[in-house]
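# coords please:
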Amino acid sequence: MRSRAAIRYSKAIFQIAEESNNLSNLKNDMDSIISAHKSAEDFKNLISNPLINHSDKKEILSIVISKMNEQTSNLINLLIANKRLSILYDIAHGFNDIYNRENNIERATVVTATPISEKIKNQVLKKIQTLSNKSVEIENIIDKTIIGGFILRYENREYNASFSQRLNKLKSELIQ
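From the prediction side, this is the model:
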């Protein structure tokens, strides 16, 4: 659940980007922030560590977000000044939620034990697009506990074809 502050910042930065016709550039920056946050524990620690001074945080963020947009830079400066840099990830997610809603884009999540290839990603996209007239973005989440197979989440539905699900089903059938 995102904080009210993160929601407000998300709405404000979206409105600013929209008024300046800069939505796609800001979307790229927000995607970079989300990607860095998910892939690197050090990135999370950097943002939340009060011992690292603000100018160092800003410099590291500008390296992580290559070709950082001026509006993203202003947002980060504002968050640093207000001591709220820790909600940057939530703001990026909130921005993307608004962007997707405004552009009729739906998010699908594919949970697998290993990363999926582009070929499989495209096959999943084609299948989902037969079910909906919306544009679809696919997010691949790696979860080794599903052992194999996949779990697809789309439009409040879930299709679980994981090995762990099959094993649990088999286990419950054997116990009865």
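
# Could I get the full set of helices for this protein?
In the chain, the helices defined using DSSP state H lie at 4-19, 23-39, 41-48, 54-64, 70-81, 88-102, 118-131, 163-175.

# show me where pLDDT drops low in this structure?
In the predicted model of the chain, residues 1, 66 satisfy pLDDT under 70.

# Redo the helices of the chain as TSV? Include mean neighbour count and distance to residue 112.
C-beta coordinates here come from the backbone N, C-alpha and C atoms, glycine included. Converted to TSV, the helices of the chain look like this (neighbours: other Cβ atoms under 10 Å; distance: least, Cβ to Cβ, whole Å):
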stretch	mean neighbour count	distance to residue 112
helix 4-19	17	29
helix 23-39	18	15
helix 41-48	14	21
helix 54-64	14	26
helix 70-81	17	31
helix 88-102	20	21
helix 118-131	13	9
helix 163-175	11	11
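
# closest to residue 152 out of those?
helix 118-131 (7.1 Å; Cβ to Cβ).

# How about residue 111, nearest residue that isn't a chain neighbour?
Excluding its sequence neighbours, the residue lying closest to residue 111 (Cβ to Cβ, 6 or more residues apart in numbering) is residue 151, at 4.1 Å.

# In contact with the one you found: list those residues for me.
109-112, 158-162, 165 (Cβ atoms under 8 Å, 6 or more residues apart in numbering).

# Then residue 167?
residue 147.

# how much space is there between the nearest residue to residue 7 once chain neighbours are set aside and residue 120?
Distance criterion Cβ to Cβ, 6+ apart; nearest residue to residue 7, sequence neighbours excluded, is residue 94 at 5.6 Å. Computed as Cβ to Cβ, to the nearest Å, the residue 94 to residue 120 distance reads 29 Å.

# Which segments of the protein make up each domain?
With domains defined by automatic domain parsing, the chain comprises 4-101, 105-175.

# Kindly write the ChimeraX command that selects the buried subset of the contacts of residue 151.
Buried subset of these, written as a ChimeraX selection, criterion 16 or more other Cβ atoms under 10 Å:
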select :110,111,112,160,162
